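1. predicted model, plus sequence, below.
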Amino acid sequence: MKLADLPRLAALAALALGAACRFPPPPDVELDAVGDDPRVDASGDGGGPECTALAVSCVGGNLSHCDADGRYVRHTVPNGGPGGTPVTLTMHDYPCPMGCHTSEPRCADIDAANGLNVALDSVPLSPLDLDLTPGPAGAPILIDTSSFDAGMGQTIITHPDPLIGNIAVPAEVITQTELPEILVLKVRSLSLRQGATVRATGVRALAIVSRFDVYIAGTIDLSQGGPGRCSLPTAQTTATGGGGNYQTGSMSSSNAEGTATSTDVNLTPLHGGCAGVQSRVTGPPVVTTAGGAGGGALQLVSGTKLLFEPSAVIDVSGGGGTGRIASSTAIATGGGAGGSVLLEAPQISLTGGAIIAGRGGGGGAAHLSMAVMADGMPGTKDGPGAGASVFGATGGTGGSESAGPMAGTAAGGVAGGAGSVGKCVLRSRSGSISVPPGTLRLRSQTLPLPSR
């Protein structure tokens with residue numbers, strides 16, 4: 001086959017796919033893992049027709065799809081094999097991840113939450129296999145959800161390796177009523193290799209939709225001020241409560257309440273954790289002190305599989321509260337709540353050692369007459385944030401997967417409340433997922449994933 005023939009063949013394949021199966025074709029000149037034409041049959045003999053041209057059927061959960069040249073349609077997935085290695089899928093009795101569609105000769109698609117189906121269906125228009133490798137000296141890969149080029153329909157991922165640099169990724173923005181918008185990155189497949197760390201910031205929540213496999217062996221960090229966190233009104237007290245998510249943030253030593261828990265349990269709409277309540281002292285001068293930052297919100301969607309290796313980490317933990325002395329006043333703010341993670345795929349595989357964490361941050365503390373102050377600790381994958389402790393004033397300890405956030409206490413001085421633990425929702429075809437002990441370090445539930 002000549003390179004000049006590729007556009008014609010790609011167009012024919014795309015036409016057939018549009019009528020029958022929403023799996024996107026490989027890029028026009030993409031070659032498979034061994035450098036061969038991806039249309040050659042598995043035997044490599046390049047022989048005669050394998051099937052009836054343009055025939056499509058889906059029976060018993062298995063799809064067969066023939067292209068215009070009488071060859072079974074094939075898709076090279078760069079991370080679909082063991083350890084994130086390449087694999088070629090042949091559309092000959094191919095087991096549909098969600099079974100056959102009820103009325104059309106194609107595989108059923110997943111029905112993603114929060115309006116992400118439109119983004120998922122548009123992936124074939126600009127296919128991108130995103131493979132993120134470690135930066136030099138562990139430098140993070142950066143995603144700013146506040147940055148979106150509406151005219152180009154893309155956002156930029158900044159890779160610290162100068163040989164890679166900026167990566168333009170197709171994207172769109174989803175609006176949610178009275179909650180943060182969602183920046184949706186659209187990829188054909190996603191790999192985050194071991195040793196690589198993605199740090200996401202910004203106002204919008206982050207979602208990534210992938211037509212094929214999502215392979216996670218590195219770290220996704222949306223902790224302590226991650227994207228999609230909720231903002232809070234200013235308090236009028238010197239000691240404030242913690243941020244809420246799965247539960248209400250705990251009270252401060254002066255019984256100032258934390259923020260209430262969200263009424264949503266399914267992460268529809270998508271939102272992160274709330275910050276610890278900000279303190280405001282009227283002075284003069286007026287002094288405002290921030291509470292611990294809430295963890296962010298992440299939605300990962302795959303049309304085939306989400307695979308988490310033992311080295312995988314998603315961290316949406318909350319930040320610690322603050323202890324301050326200002327305007328002759330002791331100030332202590334509450335810790336931030338852990339954020340939220342929504343995972344959706346026909347198959348979700350969590351390997352032992354993988355961690356999804358969203359623990360709350362501890363409250364700050366201060367003592368005016370002793371002139372001491374301390375900040376609460378942030379929540380981490382290793383444990384909830386401990387509250388600061390100074391001369392009888394102890395900030396609350398953050399919430400965890402097994403305990404609610406503790407209130408701040410003070411025999412002298414002031415202490416902030418603690419942030420709630422975050423939450424995780426896992427939606428798969430069966431609604432049943434094997435979770436290794438210690439993997440989900442936040443409150444979680446598993447649900448069935450509908451098809452369409």
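-> Nice, thanks for sending it over.

2. can I get the CA coordinates of stretch 175-188 in PDB?
-> C-alpha atoms of stretch 175-188 as PDB (Å, rounded to 0.1, in the frame of the first residue of the first chain):
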ATOM      1  CA  THR A 175     -20.800  24.300  32.900                       C
ATOM      2  CA  GLN A 176     -22.400  23.100  36.100                       C
ATOM      3  CA  THR A 177     -25.100  25.100  37.900                       C
ATOM      4  CA  GLU A 178     -23.700  27.000  40.900                       C
ATOM      5  CA  LEU A 179     -20.700  24.800  41.000                       C
ATOM      6  CA  PRO A 180     -17.200  25.000  39.300                       C
ATOM      7  CA  GLU A 181     -17.000  24.400  35.600                       C
ATOM      8  CA  ILE A 182     -15.200  21.300  34.400                       C
ATOM      9  CA  LEU A 183     -12.300  21.400  32.000                       C
ATOM     10  CA  VAL A 184     -12.500  18.200  30.000                       C
ATOM     11  CA  LEU A 185      -9.300  16.900  28.200                       C
ATOM     12  CA  LYS A 186     -10.100  14.600  25.300                       C
ATOM     13  CA  VAL A 187      -7.700  11.800  24.400                       C
ATOM     14  CA  ARG A 188      -7.600   8.600  22.500                       C
END
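
3. next, the buried residues of it.
-> By 16 or more other Cβ atoms under 10 Å, the buried positions in stretch 175-188 come out as 176, 179-188. The C-beta positions use only the backbone N, C-alpha and C, and glycine is treated the same way.

4. please report phi then psi for Cys58.
-> phi -140, psi 110 (degrees, to the nearest 10).

5. and the residue lying closest to Arg441 once chain neighbours are set aside, how far from Ala371?
-> Nearest non-adjacent residue to Arg441, counting by Cβ to Cβ, 6 or more residues apart in numbering: Ala357, 4.0 Å away. As defined by Cβ to Cβ, to the nearest Å, Ala357 lies at a distance of 35 Å from Ala371.

6. Leu442 is in contact with the residue nearest to Arg441, correct?
-> Yes: taking Cβ atoms under 8 Å as the definition, Ala357 is a contact partner of Leu442 at 6.3 Å.

7. mutual contacts of these two, please.
-> Common contacts of Ala357 and Leu442, defined by Cβ atoms under 8 Å, 6 or more residues apart in numbering, comprise 316, 338.

8. the longest strand seen in the chain: partners in the sheet, and parallel or antiparallel?
-> Longest strand of the chain, by residue count under DSSP state E: strand 166-176. Paired neighbours of strand 166-176 in the sheet (DSSP bridges): strand 154-158 (antiparallel), strand 179-187 (antiparallel).

9. save those strands as TSV, and put in distance to Ser430 too.
-> Shown next, in TSV, are these (distance: least, Cβ to Cβ, whole Å):
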stretch	distance to Ser430
strand 154-158	33
strand 179-187	25
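
10. how about the ones you listed in JSON lines, adding distance to Thr288 and mean pLDDT?
-> As requested, these are exported to JSON lines (distance: least, Cβ to Cβ, whole Å; pLDDT from 0 to 100):
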{"stretch": "strand 154-158", "distance to Thr288": "31", "mean pLDDT": "98"}
{"stretch": "strand 179-187", "distance to Thr288": "22", "mean pLDDT": "96"}
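
11. quick one: which of the ones you listed is nearest Pro378?
-> Closest of these to Pro378 is strand 179-187, at 20.9 Å (criterion: Cβ to Cβ).

12. and whatever helix or strand comes next after the closest one, what does it pack against?
-> Downstream of strand 179-187, the next assigned helix or strand under DSSP states H and E is strand 189-192. Where contact means 3 or more Cβ pairs under 8 Å, 6 or more residues apart in numbering; DSSP states H and E, strand 189-192 is packed against strand 129-132, strand 205-210, strand 214-216.

13. give me the pLDDT value at the residue nearest to Arg441.
-> On the pLDDT scale, Ala357 is placed at 98.

14. now do the contacts for it.
-> Here Ala357 is in contact with 313-317, 338, 379-381, 441-442 (Cβ under 8 Å, 6+ apart).

15. most neighbours out of these, which is it?
-> Highest neighbour count within the contacts of Ala357: Gly379, with 44 neighbours (other Cβ atoms under 10 Å).

16. who's in contact with that residue?
-> Counted by Cβ under 8 Å, 6+ apart, Gly379 has contacts 223, 295, 317-319, 335, 338, 357-362, 385, 398, 400, 419, 421.

17. returning to that earlier point: including distance to Pro284, could the buried residues of stretch 175-188 go into a markdown table?
-> Compiled in a markdown table, the buried residues of stretch 175-188 are given as follows (distance: Cβ to Cβ, whole Å):
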| residue | distance to Pro284 |
| --- | --- |
| Gln176 | 40 |
| Leu179 | 36 |
| Pro180 | 35 |
| Glu181 | 38 |
| Ile182 | 42 |
| Leu183 | 41 |
| Val184 | 46 |
| Leu185 | 47 |
| Lys186 | 52 |
| Val187 | 53 |
| Arg188 | 59 |
